[in-house]
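Engineer: Sequence below, structure please.
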Amino acid sequence: MAVKPLSNAPMPAVSNQTRFKETEIGPLPEGWSVSSLGKLFDIQQGKAMSEESRKGPIQIPFLRTSNVLWGKIDLLTVDTMHFAEEEAKKYALRAEDLLVCEGGEVGRAAIWNNDLLGCLYQNHIHRLRRATDDIEPRFFMYWLQEAILHRNIYEGAANKTTIPNLSSARLKEFVVPLPPLPEQRAIAAVLSKIQSASETQGKIVSTLKELKSATMEKIFREGLRGQKLKETEIGPLPEGWDTTQLSKLCELRRELTQPSPNGNRCYVGLEHIDSGISELRRWGSERELLSTKARFYPGDILYGKLRPYLDKSVLIQTDGVCSTDILVLQPMTDKIDAGYISFLLHSNRFREHAVTTTKGLHHPRTSWEDIKRFECPLPPLAEQRAIAATLSKIDHSIETHRKTAEILQAGFSSMLDMLMTGKIRVDSELGKLNIMKNKMERE
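Structural biologist: Numbers count the residues shown, from 1 in each chain. Alright, predicted model coming up:
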């Protein structure tokens, strides 16, 4: 099968004596060879789903393509179907089997690590089991990620009759680089560490979001100062707190403006507001706009009235214009903290209220007239500010870990490209990267 070369550039040579040769998948280090997946792996597709297998007596968990992600297996939801005894033996998985999607996102690949004993696989997944001991399956998992996502090397490999699918015959023809085994292992280890670090940051973000949600529920019920609780029309609240409607905390700013093609004001659309976060992280420019927009000023709160279940509310620190699907709210007096209002609009109780007031089937919206009647807890100003500061610290921590994950993911993509083309080599004995100079010379 014809493959698309990695590059049309001349073969590079580097100052540390590593030389490159041209191959059908582009320039590779002279110490590397090329082969095909069919020569390196035993390839087999799983069992096809049927109505009979749905009802059979021996229900065994199996993997779908939705369980096979890039570089990892997701076992959050695992389906079952009937496998006879011989089928269970045939489709049994072993540790270090490389799984490749036949359909869905064609070519998506991950390694099986025996995370669910006895799990089998369906026919939309190719099981690649190494046919020789001198290959590292994780290296080829990462190679497929580089080749398919970043370089389209196997472009046109999928059959496209109705739904794109990758046959076993075509998968076997995939030409792949073949470094020495120690270098395969070292490359896979480096990429695995970066990927693991990125995933760890993502898990921290998820944990912090759960912590924030639980903290908000507790704070808006009990406060921060351990006061005795009293019964109110919206449930127990600390003594010294009042209850009121949202319309007593803030009012709707109704100012509209025509954007200027030469203006410098920022533009905020719903796409710029992250769900559940009270700080604006990105924005556009009014120069890109044509129609009338709502006006906002520093200290205002922007609340997304379209699809309120998306939970979009931010405290704004600059002036600018925004989509008319965003309500611009301003505190009623200097006795009301804008940050407190912004976080209050993220509370579960407010979100439930807003969702129940939506109108419209395809573009459900709430309105100021509906949400202004929401019954709110109202602490003294000092405690409002303390609550906002506490929740803001969690938001800042979420943002720090999110950015770290983003940087690591970008680093992974860059390192994937450099390692898979030999532009960066790994010292397999020391387990350290040997960074080559960027200067390339024509041979």
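
Engineer: drop to CA atoms for contacts and neighbour counts, all remaining ones
Structural biologist: Fine.

Engineer: Count the neighbours of the residue lying closest to Leu252 once chain neighbours are set aside for me.
Structural biologist: Excluding the flanking residues, the one nearest Leu252 by C-alpha to C-alpha, 6 or more residues apart in numbering is Leu329, at 4.7 Å. Number of residues near Leu329 (other C-alpha atoms under 10 Å) recorded here: 25.

Engineer: ok, now Ala147?
Structural biologist: 20.

Engineer: right, and it touches Ile153 too?
Structural biologist: Yes - Ala147 is within contact range of Ile153, at 5.3 Å (criterion: C-alpha atoms under 8 Å).

Engineer: Asp311 and Ile277: what is the separation?
Structural biologist: 8 Å (C-alpha to C-alpha, to the nearest Å).

Engineer: swap that for Ala84, sorry
Structural biologist: From Ala84 over to Ile277 (counting by C-alpha to C-alpha), the distance is 50 Å.

Engineer: Neighbour count for the two, which is higher?
Structural biologist: Taking neighbours as other C-alpha under 10 Å, Ala84 and Ile277 compare with Ile277 leading, 24 against 14.

Engineer: Could I get the full set of strands for the stretch 51-200 of the chain?
Structural biologist: Ranges of strands in the stretch 51-200 of the chain, per DSSP state E, counting those that start in this stretch, are 59-63, 68-69, 72-73, 79-82, 98-101, 109-111, 120-121, 125-130, 175-178.

Engineer: so which of these gets nearest Thr356?
Structural biologist: Taking C-alpha to C-alpha, strand 79-82 is the member of those nearest to Thr356, at 34.0 Å.

Engineer: Give me the distance from that closest one to the chain's centre.
Structural biologist: Distance, stretch centre to chain centre, for strand 79-82: 28 Å (C-alpha atoms, centre = their mean, to the nearest Å).

Engineer: Stretch 41-53: end-to-end distance?
Structural biologist: 28 Å.

Engineer: How far away from the center of its chain is it?
Structural biologist: That offset, for stretch 41-53, works out to 30 Å (C-alpha atoms, centre = their mean).

Engineer: go on, stretch 46-65?
Structural biologist: That offset, for stretch 46-65, works out to 30 Å (C-alpha atoms, centre = their mean).

Engineer: List the buried residues in that stretch.
Structural biologist: Gly46, Lys47, Ser53, Ile60, Pro61, Phe62, Leu63, Arg64, Thr65 (16 or more other C-alpha atoms under 10 Å).

Engineer: Wait, the second one touches Arg127, no?
Structural biologist: Think Lys47. No - using C-alpha under 8 Å, Lys47 is not in contact with Arg127; the gap is 11.3 Å.

Engineer: Could you check the pLDDT of the most centrally placed residue in the chain?
Structural biologist: By C-alpha atoms, centre = their mean, the chain has its centre lying nearest to Gly202, at 8.2 Å. For Gly202, the pLDDT comes out at 93.

Engineer: got the contact list for it?
Structural biologist: His401, Arg402, Ala405 (C-alpha atoms under 8 Å, 6 or more residues apart in numbering).

Engineer: Just the closest of the residues you listed to Glu30, please.
Structural biologist: Lowest distance from Glu30 to these (C-alpha to C-alpha) belongs to Ala405, with 34.8 Å.

Engineer: Helix, strand, or coil at that closest one?
Structural biologist: helix (DSSP: H, G, I helix; E, B strand; the rest coil).

Engineer: Run through the stretch 101-250 of the chain and note the low-pLDDT ranges.
Structural biologist: Low-confidence segments of the stretch 101-250 of the chain (pLDDT under 70): 156-163.

Engineer: Could you say which helix or strand holds the residue nearest to Leu252?
Structural biologist: Using DSSP states H and E, the element containing Leu329 is strand 326-331.

Engineer: which secondary structure elements does the following helix or strand past that strand contact?
Structural biologist: Next helix or strand after strand 326-331 toward the C-terminus (DSSP H and E): helix 338-344. Using 3 or more C-alpha pairs under 8 Å, 6 or more residues apart in numbering; DSSP states H and E, the elements in contact with helix 338-344 are strand 301-304, strand 313-315, helix 381-420.
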